[in-house]
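**Q** structure for this input, please:
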Amino acid sequence: MTKKLYIPGPVEVNADVFAAMSKPMIGHRMPEYATLHASVTDQLQTLLNTKDPVFLSTSSAFGIMEGAVRNLVQKRCANFANGAFSTKWHDVTKRCGIKADLFSTEWGQPITAKMVDDALSSGDYDAMTMVHNETSTGVMSPLTEIAEVMKKHPYVSFIVDTVSSMSAVPIDFEALGLDVCLAGVQKAFGLPPGLAVCAVSRAALDKAKATPNRGYYFDFEEFEKNDLKHNTPSTPCISLIYGLDAQLKKMFVEGLENRYQRHADMAQATRNWLQQQGFGLFAAEGHRSVTLTSGTNDGNTDLEQLKKLAGEHGYAMDNGYGKIKNKTFRIPHMADMTMSDMEEYFSLLEELLPQVRS
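**A** Have a look, this model is predicted:
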């Protein structure tokens with residue numbers, strides 16, 4: 001049975017996206033690909049308000065997350081964590097043989113500007129990593145406030161994962177002073193997985209050139225050389241790039257402000273519904289994601305059974321991640337989803353909840 005996806009990635013993919021992806025194949029060294037590549041990267045620059053390059057990587061976002069630390073850590077990295085994926089970034093950094101320290105807060109809480117400032121004030125670090133929107137918990141950290149304190153630490157590379165927030169909330173690469181801003185396309189972009197995008201500052205590109213042992217596949221210098229020719233270092237996933245081109249065009253037709261508001265409206269509706277059903281909200285007040293909401297189990301609901309029943313009805317449900325699995329459950333509201341999709345899912349869960357509550 002094909003299930004409609006109500007999980008926080010990969011998300012449900014619309015038919016028009018698959019249609020765009022089914023265009024005839026072209027060679028990645030042909031002029032037709034250069035035209036496609038330029039169209040996509042130009043639109044991504046507009047989306048992120050930057051003139052710096054935005055690279056296309058045939059990989060998951062974690063490929064770029066690894067690449068970023070390999071390119072930009074020359075001394076020591078500060079990894080800030082408040083959930084599973086931000087914590088994993090510390091593990092990835094260490095596995096690359098890079099000196100790094102983990103600064104973590106409780107799951108459900110945001111990374112704060114004070115937390116960043118306190119850690120970086122030691123002078124021990126030349127790079128930091130953080131996840132803007134922690135998908136494991138539904139927490140969105142205050143990126144603008146953190147960017148303000150990062151101005152006090154201009155020699156620390158500012159590396160940010162926006163995997164589940166890019167295109168759903170405004171991210172102004174220039175104004176925030178980011179060095180790396182990365183995302184995968186399987187969440188708010190509404191595409192199948194397999195492609196990552198990554199904006200990189202001029203300062204980061206120059207620093208990378210002097211960093212040893214940065215490898216080949218995710219070498220920023222290789223990306224830049226090829227991007228100048230509207231290309232990639234290695235064979236790209238051309239069908240996904242066709243899909244991304246179509247999705248970006250659709251975003252601009254909708255209007256970015258309208259898109260951001262649609263996501264905010266779905267998020268608020270989801271929070272309201274959860275509380276009406278007797279569930280709590282896991283993320284701290286004022287730091288709740290606009291692309292997914294993590295509900296707290298009321299202690300009387302068998303979320304494993306609810307997930308099974310939803311599956312039998314043709315819906316894929318999420319029942320939490322990692323150490324908070326079944327203590328929480330996540331509801332996505334991103335990409336091409338609309339209020340109608342949310343109401344459909346709420347109706348299903350309202351029908352099933354009496355069967356799984358004690």
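
**Q** list the contacts of the residue nearest the centre of the chain.
**A** Centroid check for the chain by C-alpha atoms, centre = their mean gives Val163 as the closest residue, at 0.9 Å. By C-beta atoms under 8 Å, 6 or more residues apart in numbering, the contact set of Val163 is Gly9, Ala61, Phe85, Val131, Asn133, Thr135, Leu182, Ala183, Gly184, Lys187. C-beta: built from backbone N, CA, C; applies to glycine.

**Q** what strand or helix carries it?
**A** Under the criterion DSSP states H and E, no helix or strand holds Val163.

**Q** how far away is it from Ser239?
**A** 21 Å (C-beta to C-beta, to the nearest Å).

**Q** next: Met334.
**A** 22 Å.

**Q** okay, the two: which has more neighbours?
**A** Met334 (26 against 18; other C-beta atoms under 10 Å).

**Q** tell me the SS of that one?
**A** On the three-state scheme (DSSP: H, G, I helix; E, B strand; the rest coil), Met334 is labelled coil.

**Q** closest to Val69 among the contacts of Val163?
**A** Taking C-beta to C-beta as the measure, Val69 sits nearest to Leu182 out of the contacts of Val163, at 11.5 Å.

**Q** hang on, the earlier thing: for the residue nearest to the centre of the chain, phi and psi?
**A** Note on Val163: backbone dihedrals following degrees, to the nearest 10 are phi -50, psi -40.

**Q** and it, what pLDDT?
**A** On the pLDDT scale, Val163 is placed at 98.

**Q** how near is it to Phe85?
**A** Applying C-beta to C-beta, the value for Val163 to Phe85 is 8 Å.

**Q** between these two, which contacts overlap?
**A** Val131, Thr135.

**Q** please name the nearest non-neighbouring residue to His153.
**A** Leu120 (4.6 Å; C-beta to C-beta, 6 or more residues apart in numbering).

**Q** all strands in this structure, in order from the N-terminus.
**A** Along the chain, counting by DSSP state E, strands occupy 4-6, 54-57, 77-81, 100-104, 127-131, 133-134, 139-140, 157-161, 180-184, 196-200, 280-281, 292-296, 315-317, 328-332.

**Q** any chance of JSON lines for the ones you listed, columns distance to Glu66 and mean neighbour count?
**A** Output for these, formatted as JSON lines (distance: least, C-beta to C-beta, whole Å; neighbours: other C-beta atoms under 10 Å):
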{"stretch": "strand 4-6", "distance to Glu66": "27", "mean neighbour count": "18"}
{"stretch": "strand 54-57", "distance to Glu66": "11", "mean neighbour count": "24"}
{"stretch": "strand 77-81", "distance to Glu66": "12", "mean neighbour count": "26"}
{"stretch": "strand 100-104", "distance to Glu66": "12", "mean neighbour count": "18"}
{"stretch": "strand 127-131", "distance to Glu66": "11", "mean neighbour count": "27"}
{"stretch": "strand 133-134", "distance to Glu66": "18", "mean neighbour count": "32"}
{"stretch": "strand 139-140", "distance to Glu66": "23", "mean neighbour count": "26"}
{"stretch": "strand 157-161", "distance to Glu66": "11", "mean neighbour count": "27"}
{"stretch": "strand 180-184", "distance to Glu66": "11", "mean neighbour count": "28"}
{"stretch": "strand 196-200", "distance to Glu66": "11", "mean neighbour count": "26"}
{"stretch": "strand 280-281", "distance to Glu66": "32", "mean neighbour count": "16"}
{"stretch": "strand 292-296", "distance to Glu66": "24", "mean neighbour count": "26"}
{"stretch": "strand 315-317", "distance to Glu66": "28", "mean neighbour count": "19"}
{"stretch": "strand 328-332", "distance to Glu66": "25", "mean neighbour count": "26"}
